[in-house]
Each structure stands twice: as C-alpha cells, then as structure tokens.
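**Q** how would this look folded up:
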Amino acid sequence: MSKCPNHGGHKWRKIWMRVFQVSLVVAFIILLIVLITWAILQPHKPSFTLQDATVYAFNASATPSLLTSTFQVTISSHNPNDNIAIYYDRLDVYATYQDQQITLSTRIPPTYEDTNDVDVWSPFLYGISIPISPYYAAELTQDQSNGYVVVMIRLRGRVRWRVGSFTSGGYHIFVNCPAYITMGSRSTGIAVGNNAVKYQLMQSCSVNV
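**A** Numbering: from 1, shown residues only. The predicted model follows:
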C-alpha cells in the first residue's frame, strides 16, 4: 500500500492552521481585555489653563500690513485621570489673531504626565513682520483704539494614553486659549521691564482630542 506523497504537507498545514487559530483567539482575548479595561477606566482628556502672558512687542504697520509680536505665555496642563498617564509626544504652540497665525510655532519638549499630575510650560512666541490681510490690520487698529485685543494661543500635537503597561496609539490634540490683552486706560497689565507688560489671565482653554 503506497503512501500519499502529500501526507506530510497536509499534516504540517493542519498544524500551522491550528497554531494560527489559537494565536487569533489569544489576540482577540487580549484585545477584548484591553477594550474592557479602557471602557471601565474611561480616560478623560487633559485640561489646559493659560496662566499669564507677557507682551514684549505687538506693533502693526498699515502699508504694507505687517505685524510684529513677541509673547511669553505660561500654560499648565492637568491630567485628571486616576489610572491613566499621558504622553505628549509633540506640542506646537503659536498665536493667532482673527484665525490668522501671527507667530512662528514653538515646540514643547516631549513630556510624560503621570496620573493627576500637572505640567507647566513657558514658551516664547515670535512673529517678526508677519504679513496680515488689510482687513485684519484695520480690525486690529480698531481693537487697539478700543483698548481690547483678543489673541488666541493655540497648541497642536499628538498624545498617547498609558494604562499599566499598555500604551495606546497616537491621537491628535487641539487646544485653544484666548488671551485678553487690555491696553491704554483699560490695561490690567503689570510693567515687568522695558516695554514689557505681564497679564495675569488664568483662562481655561478648550481641548479636543
């Protein structure tokens, strides 16, 4: 009685199929455990606060429409989770006026934020002779004459969540912090140097992840 020439191949295919099936079941169980743990823990997004802003320069020219601005802002981040840590892999900070970017982006170093922890950053934001639309230049002139300018401090980047030894994939994070800059007789700032004015803001920021 002759043996099937493919008998050995069939045997190994069955073994590899069984290994694949077992691996698939194990992977599914691990994923299910992670998802259940994630659902139970319910991670909350971090909260951000714009604590203060020091204005060193904020000057516009009419023809051409150029804006020069220099700020130092203090921003704090709080992780409200009891069991979930946060990795800030990248955070870029910049300022906008009327949705137009008026400074270059300043990158905050990668940061690990433990559970219920708080981190504070104080980046400098620079924008030298940044072109702005004539319409925005007119709006800025009007705001300055009214003694009240709103500059938006924005953070853009990527974060990851850590639960025990499990670390999630990266998520985009978007943070918007309004800075209310008062001028003239309405100014609430404190002079801190040559032509520098510091504003205590303690303004909550909107956060989207």
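
**Q** So which residues of the chain form strands?
**A** 47-61, 66-78, 85-97, 100-101, 106-108, 111-113, 118-121, 124-131, 148-163, 166-167, 171-182, 190-193, 196-204, 206-208 (DSSP state E).

**Q** can you state the direction angle for the longest one and strand 85-97?
**A** Put plainly, it is strand 148-163. Angle between the axes of strand 148-163 and strand 85-97 is 160 degrees (criterion: axes from the mean of the first three to the mean of the last three Cα atoms, to 10 degrees).

**Q** Quick one: list the elements packing against strand 148-163.
**A** Secondary-structure packing of strand 148-163 (3 or more Cβ pairs under 8 Å, 6 or more residues apart in numbering; DSSP states H and E): helix 7-41, strand 47-61, strand 66-78, strand 85-97, helix 134-146, strand 171-182. (C-beta placed from N, C-alpha, C; glycine too.)

**Q** Looking at the strands of the chain, which is nearest to A27?
**A** Among the strands of the chain, the nearest to A27 by Cβ to Cβ is strand 166-167 (13.9 Å).

**Q** Tell me which other helices or strands the closest one touches.
**A** Looks like strand 166-167 contacts no helix or strand (3+ Cβ pairs under 8 Å, 6+ apart).

**Q** What mean pLDDT does that strand get?
**A** Average pLDDT, strand 166-167: 82.

**Q** got it, and stretch 123-134?
**A** The average pLDDT for stretch 123-134 rounds to 94.
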